[in-house]
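quick check, what structure comes out for this input:
(2 chains)
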Amino acid sequence: MEFLYALLIQPFAYMALDPLIFIETLIKGLMAGVLYSLVALGFVLIFKASGVFNFAQGTFALFAALTLTGLMERLDFGMPQWLLVIICMALTVGVMIVLAIVVERFVLRPLVNQELIILFMATLGLSYVLEGVGDLTWGSDVKVLDIGLPTGVFDINGVFIEQLDLVAAISAGTMVAVLAVFFNKTRIGRALRAVADDHQAALSVGISLQQIWVIVWSVAGIVALVAGIMWGSKSGVQFSLSLIALKALPVLILGGFTSIPGAIVGGLIIGVGEKLAEVFWYDVHGGAVENWFAYMLALVFLMFRPQGLFGDKIIERV
Amino acid sequence: MAPDDMQTAGSVHRRLFDEAILKIENVELGFGGVKAINDVSFDVNKGEIRAIIGPNGAGKSSMLNVINGFYKPQAGWITFNGQRMQSMEPHFAASSGIARTFQNIALFRGMSTLDNLMTGRLLKMKTNFFAQCFYFGAAKREELENRAFVENIIDFLEIQAIRRIPVGRLPYGLQKRVELGRALAMEPKILLLDEPMAGMNVEEKQDMSRFILDVNEEFGTTIVLIEHDMGVVMDISDRVVVLDYGSKIADGTPDDVRSDQRVIDAYLGATHD
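Next comes the predicted model:
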């Protein structure tokens, strides 16, 4: 009885009694969710275009953030900070594009037409290589990433919102809007969707697979950079950054591997869910729920809706 | 009707073409130990309908794949539009005017009929993507022009009603028609059709034959088609190449081919005694 009470009634009583805390938790959850979405977005992009689950996406974020901080340390010759940030960002974007070209040339192209599991294993290897290269080039100590994002707290009638969270939400939102336009309105976007649908048909209308792969991996690299900046500014640039990739997995299961809106909504649900569960269902589990809540939710989804909220329905024709 | 007229009525499609647009010379293609194409040569004249026929596994689809660059032959030459090369590249083939359809329909199943056809216009669109993102000026004009072109094809193929439907949901016959539409959207000089009528009923076959003839007559598009329905092949094609076990065994007008002993043997099985 007591357990049921703690599970079903008490949390809602708390919410009703203290709506301010409820709203604050909700907003905190949404902000965290946006960051999950951002990482998941990188996965979806690559999965859509090449059918590969890119295990290295988290490492991409780490590598991008490492490159950015490293460059900012070494190029700091006393120029104004905004100029330094712009130069280093541009250079990092360049590095991510070169990385995409290298991946296409030395990982994807030799493995074309191989089983997907082989491509998956290749991205696993890629993530180790990138980690090593990142450590060798920029050192393995925890770095502080400061690109001048605001760090204060807004106080709106007693609800506290971290400014950094807000910036993260706005940039993720912008990113998503830009990608949506890119996918739906441009020639390259149409080509991307075509490649995602059928490689052979895409080739027959003159779309170059190699070019599309480079574009997709570049875009995924840039998304990883944004994710890396946001997480890095929050908790420092360190190895654990690459592990956020694991958090993106339940997001993808929730949202569907092929859906961009799915990645966003899935991220938000998981962000909000784990924050609410942590605060209001504390009596049920006794804390530390953030570590496993997402995975449990994913399991439930796998049981009842394996294609996710927005994913393509799995239909087998016989 | 005078006897003379009856003579010509039997061969309405005996039209004269003399300028080769595509020339295949001594092409060899093997996969490991298997020879899929063995020293095959033939040419396709500008404006004609050329059929490739043969029993299953004769190398017909492989031949189309060589022509549009999916397969790279080990020997031989391909001359397209006066340019002689040892193999094609799919992108080059598409941009120089070779469009095709597939034996097992290869459409973008998640996209609408309209979007599928628009992918055929990808190579014709040139404006940069910032302009496309914000949809102004040249980009807008370009999108509208291409859209108008595609709408013409939709009218031509009589598929107005399924414009917005994701093609994965369409019945088989219509999917085949959409695939033809996508190829036409590329404004091809030469159209490769791999069994455009496979699995269709009589009525659908008649529709498809009519579209193929119309495309050929109205746009002057050269057509290379693989087809198993002999009635259709004899009706619509100007010349026929017959392949068997990867080798060419006959080449000529439908009438010549029909009476060729080697062709009859290949189809019915020869008695060896």
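
how about the residue of the stretch 51-200 of chain A found nearest chain B, what does it touch?
Chain B sits closest to residue A:197 of the stretch 51-200 of chain A, with a gap of 3.7 Å, by CB to the nearest CB. The way it works is simple: take the backbone N, C-alpha and C, and place the C-beta from them, glycine included. Residues near residue A:197 by CB atoms under 8 Å, 6 or more residues apart in numbering or on different chains: B:107, B:108, B:109, B:110, B:111.

now the last one. Its backbone dihedrals?
Per-residue torsions, residue B:111: phi -100, psi 160 (degrees, to the nearest 10).

quick one: residues in contact with stretch A:297-312.
Residues contacting stretch A:297-312 (CB under 8 Å, 6+ apart): A:249-250, A:252-259, A:261-262, A:265-266, A:269-270, A:273, A:313-314, B:110.

cool, stretch B:84-97 as well?
A:203-208, B:66-70, B:72-73, B:76-81, B:83, B:98, B:123, B:186-190.

do stretch A:199-208 as well
Against stretch A:199-208 from outside (CB under 8 Å, 6+ apart): A:191, A:194-195, A:209, A:212, B:68, B:70, B:90-91, B:93-95, B:99-100, B:102, B:106-108, B:119-120, B:122-123, B:182-183, B:186.

for the stretch 1-150 of chain B, what lies in contact range of chain A?
B:68, B:70, B:90-91, B:93-95, B:99-100, B:102, B:106-111, B:115, B:118-120, B:122-123, B:125, B:127, B:129, B:132-133, B:135 (CB under 8 Å from any CB of the partner chain).

buried among those residues? Make that a ChimeraX selection.
If you want just the buried ones from the residues of the stretch 1-150 of chain B next to chain A in ChimeraX, going by 16 or more other CB atoms under 10 Å in any protein chain shown, the selection is:
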select /B:68,70,90,91,93,94,99,100,102,106,107,108,109,110,111,115,118,119,120,122,123,125,127,129,132,133
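
where does the residue nearest to the residue of the stretch 51-200 of chain A closest to chain B when sequence neighbours are not counted land in three-state SS?
Nearest residue to residue A:197, sequence neighbours excluded (CB to CB, 6 or more residues apart in numbering or on different chains): residue B:108, at 3.7 Å. Secondary structure state of residue B:108, per DSSP: H, G, I helix; E, B strand; the rest coil, is coil.

in chain A, which spans are strands?
A:153-156, A:159-162 (DSSP state E).

okay, and for chain B, where does confidence drop off?
B:1-14, B:127-136, B:270-273 (pLDDT under 70).

how near is the residue of it found nearest chain A to residue A:245?
Using CB to the nearest CB, the closest approach of chain B to chain A is made by residue B:94 at 2.8 Å. Per CB to CB, to the nearest Å, residue B:94 is found 37 Å from residue A:245.

just to revisit the earlier point, got a list of what the residue nearest to residue A:197 touches?
A:193, A:194, A:197, A:198, A:201, A:202, B:115, B:116, B:119, B:167.

near chain B, which residues of chain A?
By CB under 8 Å from any CB, the residues of chain A that approach chain B are A:178, A:181-182, A:185-188, A:190-191, A:193-194, A:196-198, A:200-208, A:312.

give me the buried subset of those.
Of the residues of chain A next to chain B, these count as buried by 16+ other CB under 10 Å: A:181-182, A:185-188, A:190-191, A:193-194, A:196-198, A:201-208.

and the longest helix for chain B?
Using DSSP state H, we find that the single longest helix of chain B is helix B:137-156.

now the strands for the stretch 101-250 of chain B?
Along the stretch 101-250 of chain B, the stretches classed as strands by DSSP state E, counting those that start in this stretch are B:190-194, B:222-226, B:239-244, B:247-252.

just the helices in the stretch 51-200 of chain B please.
Ranges of helices in the stretch 51-200 of chain B, per DSSP state H, counting those that start in this stretch, are B:60-67, B:90-95, B:113-119, B:129-134, B:137-156, B:172-185.

the last one packs against which elements?
For helix B:172-185, the helices and strands in contact under the criterion 3 or more CB pairs under 8 Å, 6 or more residues apart in numbering or on different chains; DSSP states H and E are strand B:98-100, helix B:113-119, helix B:137-156, strand B:190-194, helix B:202-219.
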